[in-house]
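In: Structure for the following, please:
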Amino acid sequence: MRIRILDRYIFQEVVFAFLFAICAFTAVFIGSGTLFRIARYITDYGASLSSVIKIFVYGLPNIIMWTFPMSMLLATLLTFGRLSSSSEITAMKSCGISFSRIAAPAIFLGVIVTICAILFNEHVVPWANTAYNNVVYYEIQGNTELKSQDHIIVKEITGGKMQRLIYAREYKASDEILEGVTMQVFDEEGKVTHVENATFAEWRDEKWIMHDGMIYDLADDQRTHTMKFDRQILPINASPRQIVREQKKTEELTMSELKAQIAIMKSQYANTSKLETELYQRITVPMASLIFALIGVPLGLQPTRTPSSMGFALSVVIIFLYYAVMTLANAIARSGAIPPIYAVWIPNVIGLLSGIVLIYRASR
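Out: Reported below is the predicted structural model:
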């Protein structure tokens, strides 16, 4: 019973500190970034009050997502720093309670925060980012014309099954042209039975017309029948406006959508390093909450009395180092020098090894 009471006590202390840290870091992000952007939108575009409120609200999920790991670090530093300075840790150890038992509630909270952050990052952040970008582009900036985009993807799904998939390397808004067009037709089993490639497709007379292309019919006997064409109608009932409005930026995609887009782009031999980096980062950034819990607990258990400001300063230094390494790793991943699946894990691996060393030293 004593252990259960102790677990509950430490867990509650870390939770309260964690909530305080989220508020503190969110306020810092808002003050250092969001308010400046809002001021610029008001002065440059005359943004209305309703639009300002919308971008403030829609911008919060993305900010909160980044504060989860750093809040976990600050919470453990403050909690265990206070317990250590008030000699409560010494009293616990004198009762025969091991370091691992003392640290368990904080590690458990780190696991909970990691899981919640992954779910939050998957179901809330992409939706909020989409809403934010739409308000900025259409309501505040007042854009009515379409903009050029890379990697256009149009899907036709019937009864939950993919019927037709169109990929274009680029959409040129000024000419209403899709460049590097590929259309794939699927059978009931999801196999590709028909492929059409075209140099470009133009929007003319309310339809898409492909130019300078090749048709591939894939027979059941594994033979391929080919035919060239100069002009061919692209069978999609979507105008340029509809196509462009359906496209999403990388930060607006869920993990399942990222995986699907990566698979499509790989089939067209397009570079997917940026998308893969974003996909794996959806896991590595939330995982940092657990990593920072492993680091924060032993660092907070200082034998000397230190003020809370020292815990905050130490957390800022560690966070800066972590995100500096993460930025470098992301740049390496996007360049293709190292496969993204390995590069994005570099900061977490370094953090995990550091946490293990610190825990080992603290438990001796």
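In: can you give me the helices in the stretch 251-364 of the chain?
Out: 255-267, 273-300, 308-335, 340-343, 346-363 (DSSP state H, counting those that start in this stretch).
In: so which of those helices gets nearest Leu83?
Out: Of all these, it is helix 273-300 that lies closest to Leu83, at 7.8 Å by C-beta to C-beta. C-beta here means a position set from N, CA and C on the backbone, and glycine is covered the same way.
In: by contact count, what packs against that closest one?
Out: helix 49-85, helix 99-123, helix 255-267, helix 308-335, helix 340-343, helix 346-363 (3 or more C-beta pairs under 8 Å, 6 or more residues apart in numbering; DSSP states H and E).
In: Kindly calculate the angle that the third one makes with helix 99-123.
Out: In other words, helix 255-267. 70 degrees (axes from the mean of the first three to the mean of the last three C-alpha atoms, to 10 degrees).
In: Now do helix 255-267: everything it contacts.
Out: By C-beta atoms under 8 Å, 6 or more residues apart in numbering, the list of residues contacting helix 255-267 from outside reads 122, 126, 151, 153, 165, 167, 184, 248, 250, 253, 271-272, 275-276, 278-279, 282.
In: cool, the shortest one as well?
Out: By C-beta under 8 Å, 6+ apart, the surrounding residues in contact with helix 340-343 are Ser273, Glu276, Thr277, Leu279, Tyr280, Ala329, Asn330, Ile332, Ala333, Arg334, Ala337.
In: Tell me the pLDDT of the fifth one.
Out: Note on Tyr280: pLDDT of 95.
In: quick one: it and Asn348 touch, right?
Out: No: counting by C-beta atoms under 8 Å, Tyr280 sits too far from Asn348 to count as a contact (10.4 Å).
In: where does the chain dip in pLDDT?
Out: When residues are selected by pLDDT under 70, those of the chain lie in 1-3, 144, 219-222, 302-312.
In: domains of it?
Out: Residue ranges for the domains of the chain, per automatic domain parsing: 2-134+275-363, 147-270.
In: Take these and lay them out in CSV including mean neighbour count.
Out: As requested, the domains of the chain are exported to CSV (neighbours: other C-beta atoms under 10 Å):
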stretch, mean neighbour count
domain 2-134+275-363, 18
domain 147-270, 15
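In: I'd like to know which of the ones you listed lies nearest to Ile140.
Out: Nearest to Ile140 among the domains of the chain is domain 2-134+275-363 (4.6 Å), distances taken as C-beta to C-beta.
In: Quick one: distance of that closest one to the chain centre.
Out: Per C-alpha atoms, centre = their mean, to the nearest Å, the displacement of domain 2-134+275-363 from the mean C-alpha position of its chain is 15 Å.
In: residue contacts, the spatially most central residue of the chain?
Out: Nearest to the mean C-alpha position of the chain, counting by C-alpha atoms, centre = their mean, stands Arg282 at 4.3 Å. By C-beta under 8 Å, 6+ apart, Arg282 lies in contact with Ile118, Asn121, Glu122, Met255, Leu258.
In: can you do 10 Å?
Out: Each residue near Arg282 by C-beta atoms under 10 Å, 6 or more residues apart in numbering is listed here: Met65, Ala117, Ile118, Asn121, Glu122, Val125, Pro126, Leu253, Thr254, Met255, Leu258, Val344.
In: Looking at these, which one is closest to Arg82?
Out: Nearest member of those to Arg82, counting by C-beta to C-beta, is Ala117, at 24.8 Å.
In: how about Lys155, secondary structure?
Out: Of the three states, Lys155 takes strand under DSSP: H, G, I helix; E, B strand; the rest coil.
In: Tell me what it is bridged to.
Out: Lys155 has these beta-bridge partners by DSSP bridges: Leu165.
In: wait, what's in contact with it?
Out: Met162, Gln163, Arg164, Leu165, Ile166, Tyr167, Ile236, Glu246, Ala260, Ile264.
In: And the furthest pair within the residues you listed?
Out: Ile236 and Ala260 (18.0 Å).
In: helix or strand for Phe200, which one?
Out: In this structure, Phe200 sits in strand 192-204 according to DSSP states H and E.
In: If you could redo that for Asp217, that was the one I meant.
Out: With DSSP H and E as the criterion, Asp217 is inside strand 207-218.
In: Would you list the strands that that strand pairs with, along with their directions?
Out: Neighbouring strands of strand 207-218 in its sheet, by DSSP bridges, are strand 192-204 (antiparallel), strand 224-234 (antiparallel).
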